[in-house]
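# please work out how this folds:
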Amino acid sequence: MSLTFLCISSYEKGHDFMRECKANGHRVILLTCESLKDGNWPHEAIDDTFYIPDKNKDWELKDAIYGVSFLARSEKIDRIVALDDFDVEKAASLREHLRVPGMGDTTARYFRDKLAMRIQARSKGIPVPDFLHVLNYDEIHDFTDRVPFPYMVKPRLMAGAHGLKKVNNKDELWNRIDELANEQSFFLMEKFLTGNIYHVDSIVYQNEIRFALASKYGKPPFEVAHSGRVFTSRTVERGSESEQNLLEMNEKVIKAMGLLMGVSHTEFIESDEDGKFYFLETSARVGGAHIADLVEAASGINLWREWAKIEILREGGEYVYPQVSNNYAGIIQSLAKQEWPDLSAYDEPEVKWKLNKKFHAGLIVSSKKRDRIEKLLDNYTERFYEDFFATAPMKEKPSD
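Numbers count the residues shown, from 1 in each chain. Now for the predicted structure:
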């Protein structure tokens, strides 16, 4: 049976998801922003495209319901998929309204709202850094008396490092709270932990994790975004104690949040203070910053295509994914001072992918040997700072 997929994305991504849907004989409709009209979309896999004016990038839910309901007069929409994190809530509400199968409002909240996911994790016995909703001032005063600074003040609904601010004392905290004005309740405060940050990227089918890969960031994403650093990540040593701890915690998180089917990108920190792993945040989507390409270089698993297969099978059928390759892989990326950086000098045989994007430099390396990946990333990081590196102030919001 042919299905019609409505793919929603505020950013250019998800090409392989749409290609996989089309390759399996299904109809694909893309809903995206007008500014992405000339994007490098896989037009051969898209049957129809609708655009949102950019001034309405944060379009009201009611407008979305009106627009998609109007579309549904002539299109029987079978699946609604948010390709980007910022569209998860819209997609969930549209599914609820049109009664399309998939994640609804309640579960989506656990994968978008940083406060909701922390409360849920803590209730299930999953370790999280001390945190508090920026809401009741008496509770805030009590928190600052109990929990040592510094803290991270985080927006509940932003993605990545957007909107995060580190505060080092009570004055900085209250200054930040005052800055937020009526937006205070949309934020949380959390004890700032130093340590190694990891991500686990998973495929989930019928409430079971069918595939998961643990990776370790170089510099923390917050530092990369706000202080200007080269971004790196690499596969965690297979069979190591760290990998085992991460995979076990990841399974607990996925079950606690109630993800039945799909993909997930989940982050943890290994605290310098006590050496323990703590849950940071999760999402029901493919990780950004070309994490999917890193996963594919290490495992042979294309998360976008596997996600599409799962959505096709949502109402029944057995999911089987390809054989996993147990390679190690690493990714390196940064803003570049050149419009089109020349990466030709990075010609080791382990280089499997190079980023083709204005004012960005990036590549992925893959090898059977973990030490070789570490050595290449160390060498390339030094060279990136010399050859390409540029920095720009982090915006408060992605659309700023």
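# CA atoms for contacts and neighbours, from now on please.
Noted.
# what are the ranges of the strands in the stretch 1-150 of the chain?
Listed in chain order, the strands of the stretch 1-150 of the chain (DSSP state E, counting those that start in this stretch) span residues 4-8, 27-33, 48-52, 79-82, 131-133.
# please list the outside residues in contact with the shortest one.
It refers to strand 131-133. Outside strand 131-133, the residues within contact range by CA atoms under 8 Å, 6 or more residues apart in numbering are 115, 140, 143, 185, 187, 188, 189, 190, 191.
# reformat the strands of the stretch 1-150 of the chain as CSV; add mean pLDDT and mean neighbour count.
Shown next, in CSV, are the strands of the stretch 1-150 of the chain (pLDDT from 0 to 100; neighbours: other CA atoms under 10 Å):
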stretch, mean pLDDT, mean neighbour count
strand 4-8, 97, 23
strand 27-33, 95, 20
strand 48-52, 91, 15
strand 79-82, 98, 22
strand 131-133, 98, 20
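# hang on, the earlier thing: pull out the buried members of the contacts of strand 131-133.
In those, burial by neighbour count holds for 115, 140, 143, 187, 188, 189, 190, 191, counting by 16 or more other CA atoms under 10 Å.
# redo those residues as CSV? Include distance to residue 93 and pLDDT.
Shown next, in CSV, are the buried ones among the contacts of strand 131-133 (distance: CA to CA, whole Å; pLDDT from 0 to 100):
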residue, distance to residue 93, pLDDT
115, 19, 98
140, 32, 98
143, 34, 98
187, 22, 97
188, 24, 98
189, 27, 98
190, 29, 98
191, 32, 98
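# of all these, which comes closest to residue 290?
Using CA to CA, residue 115 is the member of the buried ones among the contacts of strand 131-133 that sits closest to residue 290, with 26.1 Å.
# can you pull up the most central residue in the chain?
Ranked by distance to the mean C-alpha position of the chain (CA atoms, centre = their mean), the top residue is residue 287 at 3.5 Å.
# how far off centre is stretch 219-232?
Averaged C-alpha coordinates place stretch 219-232 at 15 Å from its chain's average position (CA atoms, centre = their mean, to the nearest Å).
# just the C-alphas of it, formatted as CSV.
What follows is stretch 219-232, C-alpha atoms only, in CSV (Å, rounded to 0.1, in the frame of the first residue of the first chain):
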residue,chain,number,x,y,z
LYS,A,219,35.1,20.0,23.3
PRO,A,220,31.6,20.3,24.8
PRO,A,221,29.1,21.6,22.3
PHE,A,222,28.4,24.6,24.6
GLU,A,223,32.1,25.6,24.4
VAL,A,224,32.2,25.1,20.7
ALA,A,225,29.2,27.3,20.1
HIS,A,226,29.9,30.0,22.7
SER,A,227,33.6,30.2,23.0
GLY,A,228,34.6,29.4,19.4
ARG,A,229,36.2,26.0,19.0
VAL,A,230,36.7,23.3,16.4
PHE,A,231,33.9,20.6,16.8
THR,A,232,34.9,16.9,17.0
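# correct me, but residue 84 touches residue 17?
No. If you go by CA atoms under 8 Å, residue 84 and residue 17 don't touch, sitting 11.9 Å apart.
# ranges for the strands of the stretch 301-400 of the chain?
Across the stretch 301-400 of the chain, reading from the start of the chain, the strands by DSSP E, counting those that start in this stretch fall at 328-336, 351-354, 360-367, 389-390.
# deepest of the ones you listed, which one?
Ranked by mean neighbour count under mean count of other CA atoms under 10 Å, those are led by strand 328-336, which reaches a mean of 26.
# can you dump the C-alpha coordinates of that strand into CSV?
Provided in CSV are the C-alpha atoms of strand 328-336 (Å, rounded to 0.1, in the frame of the first residue of the first chain):
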residue,chain,number,x,y,z
TYR,A,328,35.7,3.6,14.3
ALA,A,329,35.0,7.0,12.9
GLY,A,330,35.6,10.7,13.8
ILE,A,331,34.2,14.0,12.6
ILE,A,332,35.8,17.4,12.6
GLN,A,333,34.0,20.7,11.6
SER,A,334,34.4,24.4,12.0
LEU,A,335,33.4,27.7,10.6
ALA,A,336,36.0,28.7,7.9
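# many thanks, I have nothing further to ask.
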